[in-house]
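**Q** show me the folded form of this:
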Amino acid sequence: MNLKTRDMILVALFAALTAIGAYLKIPTQPVPITLQILFCMYAGALLGARLGFLSQLVYVIMGLIGLPVFAGGVGGFSYVLKPSFGYLIGFILCGYIIGKLSENIGQVKGFKGGIKLFGAAVAGLAVVYAIGVPYLYMIFNFYMGKAIDFNTALKWGLYPFIVQDLVKCLVVAITSVRVIPAIRRAGYVKNPKTIME
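**A** Modelled structure (predicted):
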């Protein structure tokens, strides 16, 4: 994979922003409320599929090798056994999916562009939950030995977060509809349909 210096800087920047988002949290259990998903969504929307994916992959790898970048200021490979680790896997795919959908919006402007970006953000968010909730369920049942039903997993890992996360999707859409055309014109992100707005 051929990455320019600028691309590496952008990937590192959004990996760092996601790490900062982990520190901006409300310590709910078993999954804390953080701003990680907000920066993950921005990574996809602003950087595109490839760099959005890489930024979140770098973030997760940073944590797994021991840097204290996960929620609560922790890191290490043992974090894969935490109930919330599935959401981090979801972040990687979320960055890619939002990026791919955003790249394929020809003209990102106005209300219509905002709606499309909101849809892209919701699609990415759905993937985070589709991985995170079953992962939480499996860790509790098969590793921690605490039998819970899937509805309990939803109560712990979806219901408390969904409204605020949809608000984050809206924030990403409203702000990105103004930023994406500018970064495309500057050549930071290429659009497969229209290189220039």
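
**Q** quick one, grab the pLDDT at residue 184.
**A** Residue 184 carries a pLDDT score of 85 in this model.

**Q** for this structure, just list every one of the helices.
**A** For the chain, helices defined by DSSP state H occupy the ranges 5-23, 36-47, 49-64, 85-103, 110-138, 150-157, 162-185.

**Q** nearest to residue 77, out of those?
**A** Proximity to residue 77 (CB to CB) singles out helix 49-64 among those, at 5.2 Å. All C-beta spots, glycine's among them, are computed from the backbone N, C-alpha and C.

**Q** okay, buried residues for that closest one please.
**A** 49-60, 62-64 (16 or more other CB atoms under 10 Å).

**Q** quick one, which of the helices of the chain is nearest to residue 75?
**A** The nearest among these, by CB to CB, is helix 49-64 at 4.5 Å.

**Q** chain center to the closest one, what's the gap?
**A** 10 Å (CA atoms, centre = their mean, to the nearest Å).

**Q** since we're on the nearest residue to residue 169 once chain neighbours are set aside, how many residues are nearby?
**A** Distance criterion CB to CB, 6 or more residues apart in numbering; nearest residue to residue 169, sequence neighbours excluded, is residue 121 at 3.8 Å. Each residue near residue 121 was counted by other CB atoms under 10 Å, and the total is 31.

**Q** low-confidence regions, the protein specifically.
**A** By pLDDT under 70, the low-scoring segments of the chain are 1, 190-197.

**Q** the residue nearest the centre of the chain and residue 34: what is the separation?
**A** The residue lying closest to the centre of the chain (CA atoms, centre = their mean) is residue 40, at 2.9 Å. With distances taken as CB to CB, to the nearest Å, residue 40 is found 10 Å from residue 34.

**Q** mutual contacts of those two, please.
**A** Listed as contacting both residue 40 and residue 34 by CB atoms under 8 Å, 6 or more residues apart in numbering are residue 21.

**Q** contacts only, for residue 171.
**A** By CB under 8 Å, 6+ apart, the neighbours of residue 171 are residue 38.
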